[in-house]
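> the sequence isn't on hand, but the structure is:
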């Protein structure tokens with residue numbers, strides 16, 4: 001009797017996450033908020049929707065206090081993290097609107113002291129004295145217009161006020177095809193970046209930003225890869241490279257990371273450490289990511305931006321030593337889901353038990369008008385095996401989906417952007 005051959009990779013022993021560094025031991029405060037600031041000028045959608053889908057770094061909050069939107073910290077996520085071996089936060093205070101967000105911050109401030117803010121918060125929500133790092137410092141380090149203060153390794157670029165004629169002129173000067181970047185309000189995930197084919201497209205892209213605000217225009221380069229260096233910063237002159245990951249981009253938008261062999265890893269690590277030292281000299285402490293551009297063909301590595309916070313690549317970097325010891329590569333992917341949260345949790349647990357992935361996120365945003373998501377750190381020895389693991393989860397989620405998924409809603413298993 002013959003048995004059908006599975007189209008998916010064979011199961012292996014589950015991988016229990018072991019971090020090379022505990023973020024709680026490096027961050028400059030005992031409690032964290034990751035939410036984007038209210039009244040961010042770069043978002044045309046409601047403030048609530050800047051929160052839906054966040055939570056992709058929750059598995060790094062072991063031992064910390066955490067303010068989390070109800071969609072981003074679910075009972076299913078807490079249970080799953082405990083089952084697979086992540087250390088849970090010391091305290092989670094959830095919120096659902098701006099008023100309860102302020103109350104959550106007050107509660108955590110009272111219990112843990114000044115808060116670590118991954119993004120600078122609106123002063124009406126958190127006073128500067130209650131933040132572990134000055135909001136102006138986080139804004140400065142993330143400001144693409146001020147990146148030249150941290151490094152000279154930059155692509156051809158200009159800073160210009162957001163005026164249509166000026167944008168068109170600068171784009172033409174840079175060769176026509178440019179990348180337009182906002183410089184004044186960090187968003188993460190590439191939400192403030194637009195690729196443009198010519199000066200007219202650049203002027204049209206600039207119109208989405210506030211008039212007169214400074215914009216960065218860069219010559220659009222062909223890149224071999226987009227590495228990101230994760231660095232722990234303990235103080236001036238004291239930085240440690242945690243690892244080098246590769247960003248997966250759809251256009252300018254973040255869609256995941258990979259941990260895989262990289263030909264120029266040593267050079268990436270050296271440049272990332274150099275930039276991190278400049279950030280440390282300005283007073284930053286904690287964990288940051290330095291996004292790079294690798295044009296290949298022996299061309300110099302370039303710096304794209306600094307993210308003064310935990311990022312989508314931090315977990316992959318911290319798991320790197322343990323994964324390499326098992327001969328494994330990794331890929332962070334975010335999949336949509338129309339399954340009930342308990343069903344989704346069951347699929348993720350099954351996949352972990354078969355050694356296919358480490359689950360990193362269950363976001364239940366549907367009650368808030370958003371999309372439910374599952375975050376997975378896929379595991380495999382090759383890129384082809386990682387593709388196979390993604391296909392396994394997509395197939396399992398399709399089989400477990402609500403019937404309404406066939407009536408025009410997002411198909412479960414579709415890849416989406418930043419957690």
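Sure thing, it's come through. Note that this is a predicted model, so its numbers are computed, not measured. Numbering: from 1, shown residues only.
> in the stretch 301-419 of the chain, which spans are strands?
302-307, 329-336, 357-363, 373-380 (DSSP state E, counting those that start in this stretch).
> give me the distance from the shortest one to the chain's centre.
It stands for strand 302-307. Centroid separation for strand 302-307 versus its chain: 14 Å, with Cα atoms, centre = their mean, to the nearest Å.
> same for it, what does it pack against?
If you count contacts as 3 or more Cβ pairs under 8 Å, 6 or more residues apart in numbering; DSSP states H and E, strand 302-307 packs onto helix 135-142, helix 265-281, strand 286-293. (C-beta placed from N, C-alpha, C; glycine too.)
> please redo it, this time with the cut-off set to 10 Å
Applying 3 or more Cβ pairs under 10 Å, 6 or more residues apart in numbering; DSSP states H and E, one finds that strand 302-307 contacts helix 135-142, strand 178-182, strand 214-219, strand 227-235, helix 265-281, strand 286-293.
> JSON lines for the ones you listed, including distance to residue 7?
JSON lines is the format used below for those (distance: least, Cβ to Cβ, whole Å):
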{"stretch": "helix 135-142", "distance to residue 7": "43"}
{"stretch": "strand 178-182", "distance to residue 7": "39"}
{"stretch": "strand 214-219", "distance to residue 7": "42"}
{"stretch": "strand 227-235", "distance to residue 7": "32"}
{"stretch": "helix 265-281", "distance to residue 7": "33"}
{"stretch": "strand 286-293", "distance to residue 7": "35"}
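> thinking again about what came up before, same list (the strands of the stretch 301-419 of the chain) but as a markdown table, adding distance to residue 199 and mean neighbour count.
What follows is the strands of the stretch 301-419 of the chain, written out as a markdown table (distance: least, Cβ to Cβ, whole Å; neighbours: other Cβ atoms under 10 Å):
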| stretch | distance to residue 199 | mean neighbour count |
| --- | --- | --- |
| strand 302-307 | 22 | 24 |
| strand 329-336 | 34 | 23 |
| strand 357-363 | 39 | 28 |
| strand 373-380 | 37 | 25 |
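> so which of these is nearest residue 22?
Between residue 22 and the strands of the stretch 301-419 of the chain, the shortest gap by Cβ to Cβ is with strand 357-363, which sits at 16.3 Å.
> quickly list the domain ranges of the protein.
23-139, 156-219, 227-315, 326-403 (automatic domain parsing).
> least reliable of the ones you listed going by mean pLDDT?
Of all the domains of the chain, the segment with the smallest mean pLDDT is domain 156-219, scoring a mean of 86.
> the spatially most central residue of the chain: what's its closest spatial neighbour, skipping adjacent residues?
For the chain, the residue whose C-alpha lies nearest the mean C-alpha position (Cα atoms, centre = their mean) is residue 312; its distance is 3.2 Å. Nearest residue to residue 312, sequence neighbours excluded (Cβ to Cβ, 6 or more residues apart in numbering): residue 257, at 5.4 Å.
> doesn't that neighbour lie inside a strand?
Yes: counting by DSSP: H, G, I helix; E, B strand; the rest coil, residue 257 is part of a strand.
> roughly how far apart are it and residue 116?
22 Å (Cβ to Cβ, to the nearest Å).
> what segments of the protein are helices?
Ranges of helices in the chain, per DSSP state H, are 75-84, 98-112, 135-142, 164-173, 199-206, 265-281, 314-325, 341-353, 383-400.
> chain center to the longest one: distance?
Chain-centre distance of helix 383-400: 22 Å, with Cα atoms, centre = their mean.
> now swap in the third one and tell me
Distance of helix 135-142 from its chain centroid, counting by Cα atoms, centre = their mean, is 18 Å.
> ok, residues contacting that helix?
37, 117-123, 126-128, 131, 133-134, 146-147, 149-150, 183-188, 192, 275, 278-279, 282-286, 288, 305-309 (Cβ atoms under 10 Å, 6 or more residues apart in numbering).
> which ChimeraX command selects the buried ones in those?
Applying 16 or more other Cβ atoms under 10 Å to the contacts of helix 135-142, the buried members can be selected in ChimeraX as follows:
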select :37,117,118,119,120,121,126,131,133,134,146,147,150,183,184,185,186,187,188,192,275,279,284,285,286,288,305,306,307,308,309
